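K.L.:
Fold the following and give me the result.
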Amino acid sequence: MTSPLTFGIPAPNRRLPAGAHPGAVRLQVADLARSRDYYQRLLGLTVIDAGTAGARLGPADRATVLVELVGRPGSRPVPRGGRLGLFHFAILLPDRPALGRFAAHIARERIPFGSADHAVSEALYLTDPDGLGIEVYADRDRSTWRANGRELHLTTEPLDLAGLASAGGATRWAGMPAGTVMGHVHLHVGDLARAEAFYHAALGFDKTVWNYPGALFLAAGGYHHHLGTNTWAAGAARPGGDEARLLEWELVLPAGGDVNAAGAELERQGFAIERRDAGFSVPDPWGTVVSVRCPRG
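P.N.:
Coordinates of the predicted model:
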């Protein structure tokens, strides 16, 4: 059993508030109609609004946007092995039965997927039509999380797919349910020390897992991770403008004062921010843009 007080290394300067969490991811795709069909029919998101150039999708209650698709015809798919930038974005379902129903759904649809038991969560992994990585997962109860000293225990083991399917019961998948959120974003970076300097020391995430091979995991408020970084594609260049890619991801902070404080700390440490109406955006050392904002009213 563990708690926010018994694991992790706090950010050394200004910590992100406990209510910080990822918001929407904005993706460039080659064929908007194809991607909209995949995300709506196969992944189970609901279209909130759409036009000729893009679409925004979220869970069934339409309470929040999780994925924004931006069409750019002719965009090349992500190469095998990935590039600096997106490894995957991770959609968090409200409970294990929902994940079980989703697992049964993608099996029926013959969608290729991977799976893993991470001790703190159970996860399914997919790839969209452009090669962009997606995780769909459910958390285990926090009372079951374990720590090794200050470091949260996170591992990758085979997932009990039969047990997961059984948890889904006889109810068929009917799309991403109310309460579904963006759980985390996981990025390919060029260097973990520079990732730590930007995301931990400057932006203010706490470190939660730092001995996982080639990776560093960070969070706010005692979560297992809101952000993953890894060097598994460190030799690969950042995607060009004509390639499917993550254009930006959102970090939502509880209040305007939190947003202002985060921006001031980044500027104090020499990072250039671009101010927006609801907050600001800033690129990490490899050009991946994070948009920091307040909740939408």
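
K.L.:
what sits up against stretch 270-289?
P.N.:
84-86, 187, 189-191, 194-195, 198-199, 202, 238, 246-249, 253, 259, 263, 266-267, 290-294, 296 (C-beta atoms under 8 Å, 6 or more residues apart in numbering). Bear in mind the C-beta positions are built from the backbone N, C-alpha and C, glycine included.

K.L.:
Show me which of those are buried.
P.N.:
Taking 16 or more other C-beta atoms under 10 Å as the criterion, what is buried in the contacts of stretch 270-289 is 84-86, 187, 189-190, 195, 198-199, 202, 246-249, 253, 259, 263, 266, 290-294.

K.L.:
In helices only, show me these.
P.N.:
Of the buried ones among the contacts of stretch 270-289, the ones assigned to helices by DSSP state H are Ala195, Val259, Gly263, Leu266.

K.L.:
Make TSV out of these and add distance to Ala63 and pLDDT.
P.N.:
Formatted as TSV, those follow (distance: C-beta to C-beta, whole Å; pLDDT from 0 to 100):
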residue	distance to Ala63	pLDDT
Ala195	31	98
Val259	21	98
Gly263	27	98
Leu266	29	98
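
K.L.:
out of the residues you listed, who's nearest His21?
P.N.:
The closest of these to His21 turns out to be Val259 (C-beta to C-beta; 13.5 Å).

K.L.:
Report the contact partners of that closest one.
P.N.:
Applying C-beta under 8 Å, 6+ apart to Val259 gives the contacts Leu253, Ala278, Gly279, Phe280, Val292, Arg293, Cys294.

K.L.:
quick one, helices of the chain?
P.N.:
Ranges of helices within the chain are 32-37, 96-108, 161-168, 192-195, 256-268, based on DSSP H.

K.L.:
Of these, which stretch is the most buried?
P.N.:
Comparing the helices of the chain by mean neighbour count (mean count of other C-beta atoms under 10 Å), helix 96-108 ranks first with a mean of 20.

K.L.:
now Pro254: how far from Gly221?
P.N.:
To Gly221, Pro254 is 10 Å away according to C-beta to C-beta, to the nearest Å.

K.L.:
residues bridging contact with the two, i.e. touching both?
P.N.:
Common contacts of Pro254 and Gly221 (C-beta under 8 Å, 6+ apart): Pro17, Gly19, Ala20.
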